[in-house]
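Enquirer: Coordinates only, no sequence provided:
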């Protein structure tokens, strides 16, 4: 996943969090969330859409987040950070 796509996913998740109206953030793009989960190895590339909420829960447990299976702003931020770290480790030859 490109940095631009990752930032787009994070931006989409956070777009409504800093508004004067106090509205909730819009949901993250499911394709981007799925791509991040695949990139960090929590979800297999051939997994069904129905498996995404459970994969999100597994990630949320590992990341110490509220476990609800929803890709809210904190979860998407943590996913993007984990994907970035995984790319960095792969580039260094430390991780597969």
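Expert: Yep, it's here. No experiment lies behind these values; they were computed from the predicted model shown.

Enquirer: residue nearest the centroid of this structure?
Expert: Nearest residue to the geometric centre of the chain (Cα atoms, centre = their mean): residue 79, 3.3 Å.

Enquirer: How about the contacts made by it?
Expert: Contact analysis of residue 79 by Cβ atoms under 8 Å, 6 or more residues apart in numbering lists 9, 33, 36, 37, 40, 59, 71. Glycine gets a C-beta too; all of them are placed from N, C-alpha and C.

Enquirer: Neighbour-wise, which one of these leads?
Expert: residue 36 (29 neighbours; other Cβ atoms under 10 Å).

Enquirer: If you rank every helix and strand of the protein by mean pLDDT, what lands last?
Expert: helix 3-14 (a mean of 56; mean pLDDT, DSSP states H and E).

Enquirer: May I ask which helix or strand encompasses the nearest residue to residue 66 once chain neighbours are set aside?
Expert: Among residues not flanking residue 66 along the chain, residue 60 sits closest, at 6.7 Å (Cβ to Cβ, 6 or more residues apart in numbering). Secondary structure assignment for residue 60, by DSSP states H and E: helix 52-63.

Enquirer: Could you do residue 83 as well?
Expert: Assessed by DSSP H and E, residue 83 sits inside helix 73-92.

Enquirer: what's the angle between that helix and helix 52-63?
Expert: With axes from the mean of the first three to the mean of the last three Cα atoms, to 10 degrees defining the directions, helix 73-92 sits at 80 degrees from helix 52-63.

Enquirer: what's the nearest residue to residue 55 if we skip its chain neighbours?
Expert: Spatial nearest neighbour of residue 55, excluding adjacent residues (Cβ to Cβ, 6+ apart): residue 43 at 4.2 Å.
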